[in-house]
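**Student:** generate coordinates for the sequence data below:
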Amino acid sequence: MTTFQRPLTWIAAAALSVASLPAMALQPFKADYLASYMGMQANGTMTLASEGTGKWRYSLKVKNQLADLSQSTVFEEANGRLRPLSSQDSSVLLVKKRNVQANYNWTSNQATWTGDIKPDRAGPVALKAGDMDALLINLAIARDLAAGRPLNYRMVDEGRIKPMSYRVVGKEAVTVAGKNYEATKVSRVDGNKELIAWIVPEFPVPARLLQRESGKDALDLTIKGLN
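**Tutor:** Here you go, the predicted model:
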C-alpha cells in the first residue's frame, strides 16, 4: 500500500478526534483543515455526526486538483467500546477511481469487504471484541491518551488484521489562527512511514496531522476552523 493508494488510512488511524472530551462524551463537530498533498495545496475536512440512536458517522476528506479522497465509518458504542458497523473508502486520483465498502457483522463476528478489492482481501475475517477499523482507532487513542493507558490496538481493515501502537513523543508549541497553544505529539512508525499528530487540549480535533514517508512529508493537514 502506497501513499497514493490509501493515504487517509494512516491519517485516520491517528486523527485523535474528541481528544479533549471525556470518554463517553461524543459530540458532533466539523473541522476544516489546510492540507498539502502530492506537493499541492488541498482542502481537508473532518466531521462527526449522529446517525440516529446510538450510532455515529465519522468522516475524513481531502481534495485538490489531482485527488479526491474520502473515508467514513458508521459505528456504535457497545459496552464502552466503539464498534464499527460499516465503512466506505473512496478515491479519485487523476483518471483512477477506487471504492471499497466494509460490513462488520457483530452477530456472526465477521467482517467482509466489497468493491474494488482483491478476492483474497474480501474476507471474511473473524472479529474479536475491541476490533476497530482505521477511523475508529483514533477515538480509542483519544480516550486512552487522556487516561494514561498504553496506545496499543488491533485494526481490522480491508481483509487484514494489524496491530497498531502509538507513543507520546513530547510537547510542542503550535499556532492556530494567530494564537499559540501547547500540543502533545503522538507518533506511530511503520517501516519507512511515520504519522505524527499534534493534540491541543482546547480542540476536539488535532491541530495538525503529518504523514511522512522515507523522511519526506507526504500529507500535511493544519486546522484552520472548527465548529
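
**Student:** which parts of the protein are helices?
**Tutor:** 7-12, 134-147 (DSSP state H).

**Student:** which of those has the lowest average pLDDT?
**Tutor:** Lowest mean pLDDT within the helices of the chain: helix 7-12, at a mean of 56.

**Student:** so where's this protein uncertain?
**Tutor:** Along the chain, segments meeting pLDDT under 70 span 1-25, 38, 139, 142.

**Student:** tell me which residue of it is furthest from the middle?
**Tutor:** Residue farthest from the centre of the chain, counting by CA atoms, centre = their mean, is Gly178 at 26.3 Å.

**Student:** tell me the phi and psi of that residue?
**Tutor:** Main-chain torsions, Gly178, degrees, to the nearest 10: phi 80, psi 0.

**Student:** that one and Lys224, how far apart?
**Tutor:** For Gly178, the distance to Lys224 equals 11 Å [CB to CB, to the nearest Å]. Backbone N, C-alpha and C define where each C-beta goes, glycine included.

**Student:** one more: Arg188?
**Tutor:** For Arg188 relative to Lys224 (CB to CB), the value is 24 Å.

**Student:** out of the two, which sits in the busier spot?
**Tutor:** Arg188 (19 against 14; other CB atoms under 10 Å).

**Student:** tell me what the more buried one is bridged to.
**Tutor:** Leu195 (DSSP bridges).

**Student:** ditto for Trp113
**Tutor:** Ala102.

**Student:** these two touch, right, it and Glu158?
**Tutor:** Yes - Trp113 lies in contact with Glu158 (CB atoms under 8 Å); the separation is 5.8 Å.

**Student:** tell me what whichever strand in the chain runs longest is packed against?
**Tutor:** Assignment by DSSP state E gives strand 160-176 as the longest strand of the chain. For strand 160-176, the packing partners by 3 or more CB pairs under 8 Å, 6 or more residues apart in numbering; DSSP states H and E come out as helix 134-147, strand 151-157, strand 179-190, strand 193-199, strand 216-226.

**Student:** list the beta-bridge partners for Asn180.
**Tutor:** With DSSP bridges as the rule, Asn180 is bridged to Thr175.

**Student:** what is the neighbour count of it?
**Tutor:** 8.

**Student:** I'd guessed it sits against Val200; true?
**Tutor:** No - using CB under 8 Å as the test, Asn180 is too far from Val200 to be in contact (10.1 Å).

**Student:** can you list residues touching both of these two?
**Tutor:** Common neighbours of Asn180 and Val200 are listed as Val174 (criterion: CB atoms under 8 Å, 6 or more residues apart in numbering).

**Student:** format the helices and strands packed on strand 160-176 as a markdown table; extra columns: distance to Lys97.
**Tutor:** Converted to a markdown table, the helices and strands packed on strand 160-176 look like this (distance: least, CB to CB, whole Å):
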| stretch | distance to Lys97 |
| --- | --- |
| helix 134-147 | 20 |
| strand 151-157 | 20 |
| strand 179-190 | 26 |
| strand 193-199 | 24 |
| strand 216-226 | 19 |
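
**Student:** which residues does the residue nearest to Arg121 when sequence neighbours are not counted contact?
**Tutor:** Distances taken as CB to CB, 6 or more residues apart in numbering put Gly159 closest to Arg121, at 3.3 Å, once the chain neighbours are dropped. Residues in contact with Gly159 (CB under 8 Å, 6+ apart) are 113, 117-118, 120-123, 125.

**Student:** need the max-distance pair from those.
**Tutor:** The most widely separated members of those, counting by CB to CB, are Lys118 and Val125 (13.8 Å).

**Student:** if anything else comes up later, I'll come back, but that's it for now.
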